[in-house]
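Student: Fold the stuff below for me.
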Amino acid sequence: MTRQGSRLKAAISIGFSALVISLAGCTGDQAGPSAQQPNPLPTPVTTRTEYVTLSDTVASDARKWSADEIAAQITDMTYLRNRPGIGNEVFFFSPDHVVYTWSSGKKFVETATWSVVQRTPPTAPKASFFICMSFTDIDSSGRAIVGRVTTRCFDPAILYVVSVDRTRGDVFGLRGREAAPFELPIPRTTISTLKQ
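Tutor: Sure thing, here's the model as predicted:
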C-alpha cells in the first residue's frame, strides 16, 4: 500500500471512530443531555402599533424638530396628559431611553423603551418623526401578557399642546417603581396639584 493510501485509510478510520463516539451518547436509555426533552418552541409575539396624532391644522414647533431635537426635549421630562372621559397619563422619559407610565385606574407603573423614529401612519400622506414606546401588554392585575407587545407612537406635538403639563425630572419617582405612587384621578389636573 502506498503512503498516500495509508493516510487515507487512517483518516477514514479516525473519522469512523469519531462518528461512533459521537453516536454513543444518542441512545434513549442513557441519562444526560441527550435524554432531556427538546426545548419548547418560542412563544409567538403579537405586535400592534397605535398612532396618537393631532390634526395637521394644529400648528406646533415640535413637528419641525429633528429626531435629535425631539429626544433632547423629552429626555428627563415628566408629562401629564389628560384623555377626556378616560383619565390622566403620566410619562417620565428617562435618559437611558426607558419611559415610565402611570395611568388613571391602574395600580402599577408600566415601563417601555422609547425612541424617536420616522414613520408613516396609515392615514398620513408622508413620513414624520414620532416618539415610539414599545410596551409588553399588561393584564388588569399588572402581570405581563407573554407574547403581546403594543407600540404607541406619539406625534411630538401631542406633548406640547397647552393642555399637557410638563416639568423637568422624575417628579413622581416613577423610575424603578412597580406600584403606582397613589391613585391618579380621572378629571384633568396638574402636576403641581398632584404634588401637594
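Student: can I assume Ile186 is in contact with Pro84?
Tutor: No: judged on Cβ atoms under 8 Å, Ile186 makes no contact with Pro84 at a distance of 9.6 Å. In short, each C-beta sits where N, CA and C put it, glycine included.
Student: Those two: who's more crowded?
Tutor: Neighbours per residue, other Cβ atoms under 10 Å: of Ile186 and Pro84, the larger number sits with Ile186, 15 against 9.
Student: Could you say which helix or strand holds the more buried one?
Tutor: Under the criterion DSSP states H and E, no helix or strand holds Ile186.
Student: What pLDDT is listed against it?
Tutor: Looking at Ile186, its pLDDT is 95.
Student: roughly how far apart are it and Arg152?
Tutor: With distances taken as Cβ to Cβ, to the nearest Å, Ile186 is found 20 Å from Arg152.
Student: Three-state assignment for the residue nearest in space to the middle of the chain, please.
Tutor: Nearest to the mean C-alpha position of the chain, by Cα atoms, centre = their mean, lies Ser134 at 3.1 Å. Secondary structure for Ser134, judged by DSSP: H, G, I helix; E, B strand; the rest coil, is strand.
Student: do Ala71 as well
Tutor: The three-state label given to Ala71 by three-state DSSP is helix.
Student: shouldn't it be in contact with Val116?
Tutor: Yes: judged on Cβ under 8 Å, Ala71 makes contact with Val116 at a distance of 5.0 Å.
Student: Comparing these two, which residue is more hemmed in?
Tutor: When Ala71 and Val116 are compared for neighbours, Val116 comes out ahead with 22 against 19, by other Cβ under 10 Å.
Student: Buried residues of the strand or helix carrying the more buried one, list them for me.
Tutor: Assigned by DSSP H and E, Val116 belongs to strand 110-119. For strand 110-119, the neighbour count (16 or more other Cβ atoms under 10 Å) marks 110-112, 114, 116 as buried.
Student: What of stretch 46-56?
Tutor: 51, 53-54.
Student: Kindly report the same for stretch 65-84.
Tutor: 65, 70-71, 73-74, 77-82.
Student: swap in stretch 147-157?
Tutor: In stretch 147-157, counting by 16+ other Cβ under 10 Å, buried: 148-157.
Student: Report the two of these separated the most.
Tutor: For those, the maximum inter-member distance is 28.4 Å, found between Arg148 and Ala157 (Cβ to Cβ).
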